[in-house]
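A.B. asks: predicted model follows, preceded by the sequence.
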2 protein chains.
Amino acid sequence: MQETLKQPNEIPHNEKLLSLKYEGFKCVEISRWVICGLIGFLTGLIACFIDIVVEIVAAYKYKIVKRYIDQFVVEGGLCASVILWAILNSAFVMAGSLVVAIFEPIAAGSGIPQIKCYLNGVKIPRVVRLKTLVVKVFGVICSVVGGLAVGKEGPMIHSGAVVAAGVSQGRSTSLKKDLKIFEYFRRDTEKRDFVSAGAAAGVSAAFGAPVGGVLFSLEEGASFWNQMLTWRIFFASMISTFTLNFFRSIYNGNPGELANPGLINFGQFESGAYKLYEIPIFICMGAVGGVLGAGFNALNYWLTIFRIRYIHRSYLQVIEAILAAAATATVSYILMYCSDDCQTPGEHQAVEYPLQLFCPDGQHNSIATVFFNTPERSVRNLFHNFPGSYNSLTLFLFTFTYFFLACWTYGLTVSAGVFIPSLLLGAAWGRLIGNLLTNSGVSIFADPGKYALMGAAAQLGGIVRMTLSLTVIMVEATGNVTYGLPIMLVLMTSKIVGDYFAEGLYDIHIKLQSVPFLGWEAPATSHSFTAREVMSSPVMCFNRTEKVGTIVDVLSNTSAKHNGFPIVSDFTTNEVYLFYSTQVIKFFLHVFVERAQLKQRKLLLKDFRDAYPRFPPIQSIHVSQDERECTMDLTEFMNPTPYTVPQVNQAHRWVWGSSPPWGALRRTGVPSWVCPLPLQPYALCCRVGSGSP
Amino acid sequence: MQETLKQPNEIPHNEKLLSLKYEGFKCVEISRWVICGLIGFLTGLIACFIDIVVEIVAAYKYKIVKRYIDQFVVEGGLCASVILWAILNSAFVMAGSLVVAIFEPIAAGSGIPQIKCYLNGVKIPRVVRLKTLVVKVFGVICSVVGGLAVGKEGPMIHSGAVVAAGVSQGRSTSLKKDLKIFEYFRRDTEKRDFVSAGAAAGVSAAFGAPVGGVLFSLEEGASFWNQMLTWRIFFASMISTFTLNFFRSIYNGNPGELANPGLINFGQFESGAYKLYEIPIFICMGAVGGVLGAGFNALNYWLTIFRIRYIHRSYLQVIEAILAAAATATVSYILMYCSDDCQTPGEHQAVEYPLQLFCPDGQHNSIATVFFNTPERSVRNLFHNFPGSYNSLTLFLFTFTYFFLACWTYGLTVSAGVFIPSLLLGAAWGRLIGNLLTNSGVSIFADPGKYALMGAAAQLGGIVRMTLSLTVIMVEATGNVTYGLPIMLVLMTSKIVGDYFAEGLYDIHIKLQSVPFLGWEAPATSHSFTAREVMSSPVMCFNRTEKVGTIVDVLSNTSAKHNGFPIVSDFTTNEVYLFYSTQVIKFFLHVFVERAQLKQRKLLLKDFRDAYPRFPPIQSIHVSQDERECTMDLTEFMNPTPYTVPQVNQAHRWVWGSSPPWGALRRTGVPSWVCPLPLQPYALCCRVGSGSP
């Protein structure tokens, strides 16, 4: 038996893969394209579903509330209508929050931080499961209909990622359904590539920005530039926006009228309607956005710490969400009630649910249009309604209250994104600045709409701090390349100013969740680091043939959560360092024990794929004293070409190369200088050292 | 003296760079942004200059020719007007061709293959010099005005690259002018990064496609994804299109009317004016484009081989160019003469130079509008003129003749791009298909313009075979994201079909110029290659301290054009392989000799930067017998962290990783498994082996 164990048969991945002929590769390549097409299609479909359900339910809600409010103006009964509104909203939010809190807390928030981590190789448990998707979709519908200061765009990115993770594996572990297809892709690297495509498809559907989606995926997840992968991601994005567009055109009764490529549509901006001398003003607005964004983030940071400390039980979280919904409704109501900003509807801008309140006949309350609309439509109105549609006091009050509402809302236990609230907030104060400039009497600042656009960009940039992808998303959503330069300058300014005061919102939340996320740049203090200094000591390593007992002991040692181990072939030369993946070892051990018990089964590549991604933990394996004495030959499981780092000063390469090792290590997701990338890129914690063991 | 030589002072780059404090890095970073802004601005300015000069001169030419032709119809004198036209065109082309042939042959063609090579680390001599830029700009003006079947878009990419290479170095070696700024960037890696930005700015100015420009640079040149670099490239692109737009708006008399972001403008396409059932038709058109493109490439391949063999003298090249110009004019004339396709000008489509010829009064010859316009305008006309503007016979004849004219023209000794001729060709047969469908009586195919667009995409994709960047360029030029999916499908089909028959045009020309270009994917046969197999043998390597005589001998050995050498510190462990750059050695040797002679000067980092990029060849250094016996300590020049490859089968990593070493080696530009990347990414030929020396 000792003999058999030393030579396990047919296990290595390498030979299996090498035996794939050219046709096999072609076939795999075609499967990849098919999967990307499916990912795009399903993501678009989900976006379309969310959009249509929100539209229908929200319309119904607005109608009921409007009737009651109109009635109150005539007959009195203020309290009743406020309470009705607050209760309706709270009910929706409660439903969404309950589902999230009870079934899948990971579905809370926008999901962008989680996907960012996933793409960088940090596995957050349950983040790409089917259940998460269902909860997310239901939750986001509830929170948007519930009138919270949220958007449905961020969650689309998460949804796309889940779709991708599911479709690419050809099975659902939750549903216990295995279609027996795409088995080749049941590996971390392949799965991550598809998840990139899913995230891109999500962005694409959310903003009608396929290129922006591709760049989002690259910006958040890529270390290397891979032409075919990028091309496939682009394909998924295109299919996604097309699907959304197509099905929505059917819903709107004009099949084939492909006019709305995304969930949010900024509307058509006039070509180059800005002048050169307005650019400095835009840049100043960028700075304002940076400051406001940093304020938003700092406030949200304290709030989140408070939540972590005191609101960690589910029922408290649900109550907080309900309170937020009720407060949002009440505050909106008070704003509307106090406002005397009456507007006559223009020719080109129909108001769907005009609330007359105390306005003269034929006019409607201006601030009510903001609250009695989906936030997407409110943003568009702020961009495009003719000058004078909103008076400055209205905009100021709205900005002021909405700032705190949105800040409170982000981090609630509901599925919701921060993109739209940021845009709305920025559009409001941007339009306010536009109004002030128009009123300044200088006729050159005619259109406050473009200031609203720049304000929206500034505020969003100040909060999320994305660079390239956000610019492209904004330019694509604007549909006009001539606005590209000012948008870019605004986003740059807001990022620089914002970074001076506080981190980006997503980064704050990633940190607060204690995720070992590796940023883009090596920290400034690492210039003179050597690999030796970041290594854990003593280095745990294995020999090529190792006793089962030793392996089990090392793997069971939970204090050192290593994910890969150097295998040293020859101590005198220590020529090559070889690494090893914990999960593979665990699995192997598992099967080894199984086989020792059954004495017949052979371990195949298929076994790995079937078990992926939920390998059994080492603790579940019982190894007898006899078995502990067996030796295992680890050669077959080794990754023979791991990344290695010479003993010299790392800073050399960092300073010299346009390819910092930091970048290459991003995908491994952990602060380690050496990681077994090809085998296990999602190492949750691999502090394995290198150098001379 | 021996002592001094063993310890050369103050030479190493590493310490110098490490001593840069945080502020220093900040400063360098800001300089990078300033340079990128400048690159964008100057590239936009050059594009604007070319555009305006072409417009003015071409208008003048058309007026003269038109007067003569109009006269001939009334009074007779056919010959005179043809000859006048042919001579005028030939004169322009002769001027352009002479300048190119005599002063800078590298400026011929579009320059895209050369820039592609440069971005991949293959240095083609003189490709980014100031002289090349001047010749290119003059040449492209002449060839476009000369009525050849060429565009001015491809050369813009080359121009942007030259601008970038010049600006980033803060000096011009040709003008012998050193501004003493940006000295930090006088290195290959930095320079290449800026050239990427320049190429992107060129694309951006040419097509009004800043995102397309960024993706072009990434697709052609990137191995690693670098966030800040991409962001800077995007900045350069934005500035470039903005500058072009702004200055052209001034020229057009509407300062600030930023309506034309690029040299070519596809005009506004109606949102989603295609139907789902048209997509299969588009895909078929993609296949047609692939076949026609492959035919074009194959024909051009044979023509280029013929040229290499028989037309290699300058005067023959100039004569061929003149002949082509005369032939183009004559053929156009014959086409116009034989055509009886008369059109009444529509309300919305003014014809600038309507040629009546034999048409009734108030009408004009349809085919003449194609030739009496810049090709950019002709493309736009084919996209947007109302149905029935061209009859099918006209389009067929035009496609047929223009195919051969364009094929002949590409590869002439003139500066000219192939983008616009491809678009024009494709638009013509696309519109032909559209016409046929419209005439088929089925009213659903109402607009032949969109078929022209798809034909243009198909033809361009079939010829150049770019993927991602071309899609984005086309989508941005179309200005409508809803056309993204069909354009992408068309380009994919045309690439797949085209690749089946022949290579892309640029790749053909790169191969014919014998450039050691490394493609995206490792060749299929390399799956089972080991590093050992591609190594040259015996491996040349140095010890840490080496005799000057040995170094000189190895470097002088021209048969082995190595660019880097392993330095082995300890043969018994052969623990780390260290590499070395020839040019640095050469330079060092040079100064070493100089110093030995002057016995006082010390070598500084500044010396390297001042000499960059034209280091003296080893042959120019005279080393005496005494000096040969000295030893040099090479430690200070080593790159301590070179890329290394273990002795195992490379295929492992290729199959496993999403990061093939092939990709990482792309930048080094040569088929070598191990290259001293950080020190010398532009190794023209580094076949140095690794493994155990």
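C.D. replies: Received, thanks.
A.B. asks: now do the contacts for the residue nearest the centre of chain A.
C.D. replies: Centroid check for chain A by CA atoms, centre = their mean gives residue A:112 as the closest residue, at 1.8 Å. Contacts for residue A:112 (CB atoms under 8 Å, 6 or more residues apart in numbering or on different chains) come out as A:154, A:157-158, A:417, A:464, A:506. (Each C-beta comes from the backbone N, C-alpha and C, glycine too.)
A.B. asks: let's see 7 Å
C.D. replies: A:154, A:157, A:506 (CB atoms under 7 Å, 6 or more residues apart in numbering or on different chains).
A.B. asks: ok, now residue A:248?
C.D. replies: So residue A:248 contacts A:48, A:51, A:260 (CB under 7 Å, 6+ apart).
A.B. asks: switch these over to a markdown table; also include pLDDT and secondary structure.
C.D. replies: A markdown table is the format used below for the contacts of residue A:248 (pLDDT from 0 to 100; DSSP: H, G, I helix; E, B strand; the rest coil):
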| residue | pLDDT | secondary structure |
| --- | --- | --- |
| A:48 | 94 | helix |
| A:51 | 92 | helix |
| A:260 | 73 | coil |
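A.B. asks: who wins for most neighbours among these?
C.D. replies: residue A:51 (26 neighbours; other CB atoms under 10 Å in any protein chain shown).
A.B. asks: if I look at it, how far off is residue A:403?
C.D. replies: Residue A:51 is 27 Å from residue A:403, where distance means CB to CB, to the nearest Å.
A.B. asks: go on, residue A:251?
C.D. replies: Distance, residue A:251 to residue A:403, using CB to CB: 34 Å.
A.B. asks: count of neighbours near the residue in the stretch 51-200 of chain A positioned nearest to chain B?
C.D. replies: Closest residue of the stretch 51-200 of chain A to chain B, CB to the nearest CB: residue A:189 (5.2 Å). By other CB under 10 Å, the residues close to residue A:189 number 19.
A.B. asks: check contacts around residue A:454.
C.D. replies: Neighbouring residues of residue A:454 by CB under 7 Å, 6+ apart: A:282, A:285, A:430, A:486, A:490.
A.B. asks: go on, residue A:279?
C.D. replies: Contact analysis of residue A:279 by CB under 7 Å, 6+ apart lists A:486, A:489.
A.B. asks: just residue A:167 next, same as before
C.D. replies: Contacts of residue A:167 by CB under 7 Å, 6+ apart are A:35, A:38-39, A:42.
A.B. asks: what about the strands in the stretch 251-400 of chain A?
C.D. replies: A:342-343, A:364-365 (DSSP state E, counting those that start in this stretch).
A.B. asks: name the helices or strands packed onto the helix or strand hosting residue A:436?
C.D. replies: Secondary structure from DSSP states H and E places residue A:436 in helix A:419-439. When contacts are defined as 3 or more CB pairs under 7 Å, 6 or more residues apart in numbering or on different chains; DSSP states H and E, helix A:419-439 sits against helix A:153-169, helix A:279-310, helix A:375-384, helix A:392-409, helix A:448-464.
A.B. asks: now the second one: average pLDDT?
C.D. replies: This means helix A:279-310. When pLDDT is averaged along helix A:279-310, the result is 94.
A.B. asks: repeat for the fourth one
C.D. replies: In this model, helix A:392-409 carries a mean pLDDT of 91.
A.B. asks: ok, now the first one?
C.D. replies: This predicted structure assigns helix A:153-169 an average pLDDT of 91.
A.B. asks: for the very next helix or strand once past it, which outside residues touch it?
C.D. replies: The element immediately downstream of helix A:153-169 (helix or strand, assigned by DSSP H and E) is strand A:171-172. Contact partners of strand A:171-172, identified using CB under 7 Å, 6+ apart, comprise A:130, A:166, A:177-179.
A.B. asks: among those residues, which are in helices?
C.D. replies: A:130, A:166 (DSSP state H).
A.B. asks: just give me the closest of the contacts of strand A:171-172 to residue B:246.
C.D. replies: residue A:166 (48.6 Å; CB to CB).
A.B. asks: identify the residues contacting that closest one.
C.D. replies: By CB under 7 Å, 6+ apart, the contact list for residue A:166 reads A:130, A:172.
A.B. asks: go again using 8 Å as the cut-off
C.D. replies: Shown in contact with residue A:166 (CB under 8 Å, 6+ apart): A:128, A:130, A:133, A:172.
A.B. asks: out of the residues you listed, which are buried?
C.D. replies: If you count burial by 16 or more other CB atoms under 10 Å in any protein chain shown, the buried members of these come out as A:128, A:130, A:133.
A.B. asks: if I look at the residue lying closest to residue A:169 once chain neighbours are set aside, how far off is residue B:314?
C.D. replies: Computed as CB to CB, 6 or more residues apart in numbering or on different chains, the closest residue to residue A:169 that is not its neighbour in sequence is residue A:186, at 5.8 Å. Computed as CB to CB, the residue A:186 to residue B:314 distance reads 62 Å.
A.B. asks: more neighbours: which of these two?
C.D. replies: Using other CB under 10 Å as the criterion, residue A:186 and residue B:314 rank with residue A:186 on top: 20 against 15.
A.B. asks: give the phi and psi angles for the more buried one, as a check.
C.D. replies: Backbone torsions for residue A:186, taken as degrees, to the nearest 10, come to phi -80, psi 60.
A.B. asks: surely it touches residue A:173?
C.D. replies: No - if you go by CB atoms under 8 Å, residue A:186 and residue A:173 don't touch, sitting 11.0 Å apart.
A.B. asks: tell me the contacts of the residue lying closest to residue A:307 once chain neighbours are set aside?
C.D. replies: Take residue A:307 and drop its neighbours on the chain: the residue closest to it by CB to CB, 6+ apart is residue A:411, 6.2 Å away. By CB under 8 Å, 6+ apart, the contact list for residue A:411 reads A:109, A:300, A:303-304, A:307, A:509.
A.B. asks: ok so residue A:411 is a helix residue?
C.D. replies: No - remark: residue A:411 does not belong to a helix; assigned using DSSP: H, G, I helix; E, B strand; the rest coil, it is coil.
A.B. asks: quick one: it from residue B:460, how far?
C.D. replies: Distance from residue A:411 to residue B:460, by CB to CB: 49 Å.
A.B. asks: now the two most distant members of the contacts of residue A:166.
C.D. replies: Taking CB to CB as the measure, these have their most distant pair in A:128 and A:172, spaced 11.2 Å apart.
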